[in-house]
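Student: I would like to see how this sequence folds:
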Amino acid sequence: MDEQTKKTALRMFTYGLYAVTCAHENEVSAMTANFLTQSSFEPPMVAVAVEADSKSQRLIKSAGTFAICIFDEGQRELAGKLGRKSSRRADKFDDIAWQPGVATNAPILDDALGWVECEVHGQVASGDHIVYVAEVVEAGLHREGSPLTIAAAGFRHSG
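Tutor: Model (predicted):
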């Protein structure tokens, strides 16, 4: 397989950008995710891929829950901030207003367009990620707006 052709083709997939947040005991974490999709209508389910060696993956695995906050199209900087590894940015929540979710205790970002809280029902290893399949157990909207996409943000996954 031609490596450049593969990268080019995979980068043509359309993706949104989301904050995946989680909490367990006294720890919270957040990451920017683009490998995310709704996977069922009834019950409402989502699937999200989380880096296997990340703090967020460890907390999701421990808690069995997480939240997804939807970035507004103007929140490129916030998506970039939350996209950095926790080892490089110990407190990602500096200057970010949030409230604990009622169903999961995961951070719900005050400036997100909306959010869903999720309860994990299964997981599968997928290369360097873990794919979590989870039921949406709570949802909310903060305001209207257009969601941020990876293309609009100018970000690229490695492909």
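Student: can you pull the contacts of the residue most central in space within the chain?
Tutor: The structure's the chain has its C-alpha centroid closest to residue 20; by Cα atoms, centre = their mean the separation is 2.8 Å. By Cβ atoms under 8 Å, 6 or more residues apart in numbering, residue 20 lies in contact with 30-33, 36, 48, 50, 56, 66-69. In short, each C-beta sits where N, CA and C put it, glycine included.
Student: nearest residue to it other than its sequence neighbours?
Tutor: Of all residues beyond its chain neighbours, the one nearest residue 20 is residue 33 (4.6 Å), with distances taken as Cβ to Cβ, 6 or more residues apart in numbering.
Student: again with residue 136
Tutor: Nearest in space to residue 136, with sequence neighbours left out and distances taken as Cβ to Cβ, 6+ apart, is residue 44 at 4.1 Å.
Student: What of residue 57?
Tutor: residue 50 (4.4 Å).
Student: secondary structure element for the one you found?
Tutor: In the assignment (DSSP states H and E), residue 50 maps to strand 45-51.
Student: What of residue 61?
Tutor: Using DSSP H and E, the element containing residue 61 is helix 55-63.
Student: circling back: now the buried members of the contacts of residue 20.
Tutor: 30-33, 36, 48, 50, 56, 66-69 (16 or more other Cβ atoms under 10 Å).
Student: What segments of this protein are helices?
Tutor: Listed in chain order, the helices of the chain (DSSP state H) span 3-10, 55-63, 76-82, 150-153.
Student: contacts for stretch 77-85?
Tutor: By Cβ under 8 Å, 6+ apart, stretch 77-85 touches 17, 19, 30-32, 54, 71, 89, 92, 96, 109, 111, 148, 153, 155.
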